[in-house]
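1. Dropping the sequence and predicted coords here.
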Amino acid sequence: MKHLALVQAEFLKIARKWHDLTYDEQKAYLQRHPLSRRKLTARPSSGEVATSTSDDLHKKYIEVATDKMEKGYVVAVPRDGKKQYYKLKDGKLWTSQYENTDWILDESQKLPYAHGAIVVGPALQTFDKAQRSYANTYFKTTEEVPAWILTGHSPSGSYYGSSNILTPIYERKKLPVGTSIQILAGGDFAVINGQRQPVRFTDPAADKSPFEKDYGYDPTKKQLPLKALQEVTAEGTAKQPVKQEVKEVPVTPTTTAPTKTAVPTKPPKSMSKQEIAKLLSDSGIADSARYSDKKGGFIFKRGYFYRHGMDSDKFANAIMARSRNVGLTPVLVDSADKWNRWPKGSWFEAVVKFEQMKDETERQTAHKSKGFPADDILQSMKTFGFPSSGASMRDLDIEKDRDGNVSRIGKSFRYLGTWYSRPGEEDDDQPTWDRKSEKYYKQVFEDWSRQQPWFNSKTMDISVEPSEKAWVSFDIVKKA
């Protein structure tokens, strides 16, 4: 019975309403909860004045709210049954009736005299997806972040013709620390309980009507709480920041010693077009990329059906940004919007050349001026082969014309691919090369040849010829 009496006493103590508490109990509660909406209503038993405590709480509230806003947070203050939001930007106080949109400069430049301020979350910042080369971007939350999760759709009551326009239904949630945020080409998502769900960080209440124009809308620019997000890889591991070279600034000496001249920066390392193409192949920027001798650079293309706010300049800027990220020095030659009436395709096009290709361009010009650079072809043909095939190989075969100039350079392999004897023949000196093998190895040699810096289709031909005893000759032949 003693235990029951104790439980009952404690229950009655907890269940008391606010106005039943004494002045000291209310004061102690407000000291423990400085952002509470409650106010002192009980009369003090001593000579203390209740308003002095209220002033102290208000000052404490002002300090907490100001400190949070200086760190980039949004603060909400209850006013007339609603919430008014405040944030600091450029040293000035801004206010809005929505949580993260429609901000205007506050006229009074001070927080209202009110208790119960709520720290909403980090202020949103503009995230320009176009500057990330259209690649998918992944984040993890480093603190609790408020967000709106799409849970379904409902009829809006607005009609387009006879069709009722559906409006999205959002549920406001606090995303816990460690939540995966994925900014993908198909939308923005949060991974909750192992499921990817559409997410947004702006207040849906501020969305405009479907029939109201939205000038200046750019789908590539997102509003994200970047201060509470950490960029990670697709696997969820922390992304290592790109190391940037720090140039040392020469210090002007104060003594009479001779000044040291600054060391000139090294020119960009020379690279072949194959090496550059490999660096950019996995970037996901363009649908296709090819090198053009005529334009002296790479032609990048990206097809589209709807532009969604994109244009050729943004596409070219994305190419340039991605190139710099991988250590290249790009130079934009041209960009264009190749629009065609449906059913023909449309695409953005950008022509970019790289400083790393300067030396190779000069070599190609020299090779083409000579017509048939035999020395370079010989060096390349020495490394050409099919080591995994197990085929036999002969030494290089060199043929010269009447003037003593090299006109053909070849290399032969035996039993390359599949061979079979002709029906009815007893001698295997003239076997037949399988068509699939012939087509495959011809394509391999053509691709290899066209990738070489010395190759020029105007001055040389590619030849693959089978001969007796299952030999195949791969030749580079000078045109007459």
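-> That came through, no problem.
2. what about this protein, any weak spots by pLDDT?
-> The model of the chain has pLDDT under 70 over residues 1-16, 44-62, 79-81, 113-120, 129-135, 213-220, 240-270, 281-284, 357-371, 422-428.
3. Domain ranges for it, per the record?
-> What automatic domain parsing lists as the domains of the chain is 2-122, 125-207+218-232, 273-359, 371-478.
4. Which one of these lies nearest to Lys239?
-> Nearest to Lys239, of all the domains of the chain, is domain 125-207+218-232, at 4.9 Å by Cβ to Cβ. Quick note: C-beta positions are derived from backbone N, CA and C, even for glycine.
5. what about the strands in the stretch 251-400 of the chain?
-> 288-292, 297-304, 330-338, 346-354, 392-393, 397-400 (DSSP state E, counting those that start in this stretch).
6. Could you list the alpha-carbon positions for whatever helix or strand Ile409 lives in in PDB?
-> Assigned by DSSP states H and E, Ile409 falls within strand 406-414. Extracted in PDB, the C-alpha atoms of strand 406-414 (Å, rounded to 0.1, in the frame of the first residue of the first chain):
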ATOM      1  CA  VAL A 406      59.400   2.900 -97.900                       C
ATOM      2  CA  SER A 407      56.000   2.100 -99.400                       C
ATOM      3  CA  ARG A 408      54.700  -0.700 -97.200                       C
ATOM      4  CA  ILE A 409      55.300  -1.900 -93.600                       C
ATOM      5  CA  GLY A 410      53.700  -5.200 -92.500                       C
ATOM      6  CA  LYS A 411      53.600  -7.800 -89.800                       C
ATOM      7  CA  SER A 412      52.500 -11.400 -90.300                       C
ATOM      8  CA  PHE A 413      50.800 -13.900 -87.800                       C
ATOM      9  CA  ARG A 414      50.100 -17.600 -88.300                       C
END
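7. quick one: strands adjacent to the helix or strand that that strand is followed by?
-> Going down the chain from strand 406-414, the next helix or strand is strand 419-420, by DSSP H and E. As defined by DSSP bridges, the strand partners of strand 419-420 come to strand 432-433 (antiparallel).
8. in the helix or strand just after the strand it pairs with, what counts as buried?
-> Downstream of strand 432-433, the next assigned helix or strand under DSSP H and E is helix 435-450. Residues of helix 435-450 classed as buried: 437-438, 441-442, 445, 449 (neighbour count, 16 or more other Cβ atoms under 10 Å).
9. and of these, the nearest to Leu279?
-> For the buried residues of helix 435-450, the nearest to Leu279 is Ser449 (22.5 Å; Cβ to Cβ).
10. and that closest one, what is it in contact with?
-> Neighbouring residues of Ser449 by Cβ atoms under 8 Å, 6 or more residues apart in numbering: 455, 462, 476.
11. can you redo those residues as JSON lines with secondary structure?
-> JSON lines is the format used below for the contacts of Ser449 (DSSP: H, G, I helix; E, B strand; the rest coil):
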{"residue": "Phe455", "secondary structure": "coil"}
{"residue": "Ile462", "secondary structure": "strand"}
{"residue": "Ile476", "secondary structure": "strand"}
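12. Tell me where the chain has helices.
-> With helices called from DSSP state H, the chain shows them at 2-14, 23-32, 50-70, 273-281, 312-325, 358-370, 374-383, 435-450.
13. count of residues packed around Lys353?
-> Neighbour count of Lys353, defined by other Cβ atoms under 10 Å: 20.
14. Quick one: residues contacting Gln223.
-> Applying Cβ under 8 Å, 6+ apart, one finds that Gln223 lies in contact with 100, 124-127, 201-202.
15. who touches the nearest residue to it once chain neighbours are set aside in this structure?
-> Excluding its sequence neighbours, the residue lying closest to Gln223 (Cβ to Cβ, 6 or more residues apart in numbering) is Leu124, at 4.2 Å. Each residue near Leu124 by Cβ under 8 Å, 6+ apart is listed here: 100, 201-202, 223-225.
16. got a markdown table for those residues, with distance to Val145 too?
-> Formatted as a markdown table, the contacts of Leu124 follow (distance: Cβ to Cβ, whole Å):
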| residue | distance to Val145 |
| --- | --- |
| Asn100 | 11 |
| Phe201 | 7 |
| Thr202 | 13 |
| Gln223 | 12 |
| Leu224 | 9 |
| Pro225 | 5 |
